[in-house]
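Asker: I would like to see how this sequence folds:
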Amino acid sequence: MSQSDLATGVKDAARRQDRRAGTTKQQVSVWERPGARPPDDWYQLLIADALGVNPADVTALGWPYWLPGCEAPIPLGTGASVAALREAQRRAMLDRRTILAITPVALASLAHQWATLDPALAATAADGQRVDPEFVDWLEASVRHLTALATAERQHTAQLLDSYLDTVVGLLESAHYSEATGLRLHVLAASLAQTIGWHKFDYEHHAAAGRYWHAALHSAHQAGDSDRGAGILSDLAYQSIWLRQAAPAVDVLDHALTRTQDHTARALLHVRKARAHAMLDEGRSCRRALDAAEHSLNTATDEPPAWCSWMGPADLSVDAGRCLIDLDEPGPAHHQITQGVELLPKSRDKTRTVFLAYEAESLLQQREIDQSAATAYESLRLAQQIGASRCIRQVRQLAPAFQKHQGVEGVDRFLDAARSAA
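Answerer: Numbering: from 1, shown residues only. Next up is the predicted model:
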């Protein structure tokens, strides 16, 4: 259904109750925005009527988890990694909205399954051509090249990554391969699905991102790649944090940490856990997690897995600063963030955009308005260059706080840019 179709369906549902609902396409668009206030109870029942959903589910599951498309994910340990990958691809073509796909309860259950179930070995297909290991070598090298591109270039790789994933899943479905090659294909599928999930997340297709990460978790689990599985769980937790749902993220990260061996990977998980604790105003737990992240990072000696090889002192410093913003300590927060931004490699422009938005927020809290406006403007322009809509939204959300400071140097320029980026 289009937004206009749903608006018409809601009005028709109201008329069946001899009432009127002034629902428009624009109102439906507001409901679909991440973090937006949900419709009131009556409107939710009208939406359920229009979508053919049992009204009892509305009360039992809550918004947005009663909506079609929020079905429970396929359980781990069922040998259904290929089915999960195909489902993610199929649903990605249908999804045009941004509502989160996996409920907090289902996400916690998925994390528990991952932490307690022994991985199943990849099964060989019954028919089809035998996979040449040299072809897998080429696939792996090609994917490494695509995922190693500078941030500004990655926005152009989405279709290529989709085609590579389709090829890998096709091999898993219908080709002959040895156990060792099957494991490599599952690891490759996990890597591709995880990367595509981030593409979807950056463009605020949160349901699709969740499904790709769920599928990636299946493949990593079947391949016995516990560190990557932990990283995928931490991506799902990060998505929850980004959407202001910190409580389930803590539980998910606790499960993920039980089977994470690599020190750099553990540092990343502890940092994300600290962020969740900070959002919940749990200062002591936040600082313990930050200390654990610093210890893990300082004791890392081996080459980290590719999916977290970027994690370093810059990320730790800035995320610590972000935590301090949430804990209402803007001065120390700004020191940590500026220190981290200076350490960040130029190739990581998406991360720089997010970090600059944090810096602008910390400066706002210290009433350094002109400097904050200049930093926010820089963040917005960089976000537009890399095409990540979630980063654009992040920095645009600072605009209301600048409204009362119009006339201060740089403020009007930022507000004009924020309006044009809408």
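Asker: my read: Pro55 touches Leu45, true?
Answerer: Yes. Counting by Cβ atoms under 8 Å, Pro55 touches Leu45, with 5.6 Å between them. (Each C-beta comes from the backbone N, C-alpha and C, glycine too.)
Asker: Give me the more crowded residue out of these two.
Answerer: Per other Cβ atoms under 10 Å, whichever of Pro55 and Leu45 has more neighbours is Leu45, with 19 against 12.
Asker: what residue ranges in the protein are flagged as low confidence?
Answerer: The model of the chain has pLDDT under 70 over residues 34-35, 60-61, 65, 69-80, 91-129, 150-155, 422.
Asker: for it, which helix is longest?
Answerer: Assignment by DSSP state H gives helix 179-202 as the longest helix of the chain.
Asker: how far out from the middle of the chain is that one?
Answerer: 15 Å (Cα atoms, centre = their mean, to the nearest Å).
Asker: name the helices or strands packed onto that helix?
Answerer: Here helix 179-202 touches helix 81-94, helix 133-147, helix 158-174, helix 206-223, helix 226-242, helix 389-396, going by 3 or more Cβ pairs under 8 Å, 6 or more residues apart in numbering; DSSP states H and E.
Asker: Just the buried positions in that helix, please.
Answerer: For helix 179-202, a neighbour-count test (16 or more other Cβ atoms under 10 Å) marks 181-202 as buried.
Asker: Check stretch 240-254 too.
Answerer: Neighbour counts using 16+ other Cβ under 10 Å place 240-243, 245-246, 248-254 of stretch 240-254 among the buried residues.
Asker: repeat for stretch 1-18
Answerer: By 16+ other Cβ under 10 Å, the buried positions in stretch 1-18 come out as Gln3, Leu6, Ala7, Thr8, Gly9, Val10, Lys11, Ala13, Ala14.
Asker: Could you pull up the residues touching the most centrally placed residue in the chain?
Answerer: Nearest to the geometric centre of the chain sits Gln239, at 3.7 Å (Cα atoms, centre = their mean). Residues near Gln239 by Cβ atoms under 8 Å, 6 or more residues apart in numbering: Leu100, Phe201, His206, Ala209, Gly210, Trp213.
Asker: please redo it, this time with the cut-off set to 7 Å
Answerer: Phe201, His206, Ala209, Gly210 (Cβ atoms under 7 Å, 6 or more residues apart in numbering).
Asker: From the chain's centroid, how far away is the strand or helix carrying Gly331?
Answerer: Using DSSP states H and E, Gly331 sits in helix 330-343. With Cα atoms, centre = their mean as the basis, helix 330-343 stands 24 Å off its chain's centre.
Asker: What separates the first and last residues of stretch 256-264, distance-wise?
Answerer: In stretch 256-264, first residue to last residue: 14 Å (Cα to Cα, to the nearest Å).
Asker: Hmm, Leu268 is touching Cys308, no?
Answerer: Yes. If you go by Cβ atoms under 7 Å, Leu268 and Cys308 touch, sitting 5.1 Å apart.
Asker: Who has more neighbours out of the two?
Answerer: Set side by side, Leu268 and Cys308 show more neighbours around Leu268, with 29 against 22, by other Cβ under 10 Å.
Asker: List the residues that contact that one.
Answerer: Taking Cβ under 7 Å, 6+ apart, we find Leu268 in contact with Ser234, Cys308, Met311.
Asker: Is it correct that the first one is in contact with Lys273?
Answerer: No. The criterion here is Cβ under 7 Å, and Ser234 misses it with Lys273 at 8.6 Å.
Asker: Now the common contact residues for those two.
Answerer: Taking Cβ under 7 Å, 6+ apart as the contact rule, Ser234 and Lys273 both touch Leu253.
Asker: which residues touch the closest residue to Trp307 other than its chain neighbours?
Answerer: Spatial nearest neighbour of Trp307, excluding adjacent residues (Cβ to Cβ, 6 or more residues apart in numbering): Gly231 at 5.0 Å. Shown in contact with Gly231 (Cβ under 7 Å, 6+ apart): Ala265, Trp307, Cys308.
Asker: now the residues you listed as JSON lines including distance to Gln397 and secondary structure?
Answerer: Conversion of those to JSON lines gives the following (distance: Cβ to Cβ, whole Å; DSSP: H, G, I helix; E, B strand; the rest coil):
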{"residue": "Ala265", "distance to Gln397": "30", "secondary structure": "helix"}
{"residue": "Trp307", "distance to Gln397": "28", "secondary structure": "helix"}
{"residue": "Cys308", "distance to Gln397": "28", "secondary structure": "helix"}
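Asker: Which of these sits closest to Arg90?
Answerer: Closest to Arg90 out of the contacts of Gly231 is Trp307 (24.6 Å), distances taken as Cβ to Cβ.
Asker: and Val53, helix, strand or coil?
Answerer: Recorded secondary structure, Val53: coil (DSSP: H, G, I helix; E, B strand; the rest coil).
Asker: Near it, how many residues? Count them for me, please.
Answerer: Val53, neighbours per other Cβ under 10 Å, totals 17.
Asker: Contacts for the helix or strand containing Ser317, please.
Answerer: If you go by DSSP H and E, Ser317 is part of helix 313-326. Residues outside helix 313-326 that contact it (Cβ under 7 Å, 6+ apart): 267, 271, 274-275, 278-279, 286, 290, 293-294, 297, 332-334, 336-337, 339-341, 343-344, 355, 358, 361-362, 365.
Asker: Filter those residues down to the buried ones, PyMOL style.
Answerer: Buried members of the contacts of helix 313-326, defined by 16+ other Cβ under 10 Å, are picked up in PyMOL with:
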select buried, resi 267+271+274+275+278+279+286+290+293+294+297+333+334+336+337+340+341+344+355+358+361+362+365
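Asker: Quick check: His335 vs Gln384, distance?
Answerer: The gap separating His335 from Gln384 is 28 Å, by Cβ to Cβ, to the nearest Å.
Asker: Leu85: which of the buried residues of stretch 240-254 is nearest?
Answerer: Once Cβ to Cβ is applied, the member of those that ends up nearest Leu85 is Val252, at 21.0 Å.
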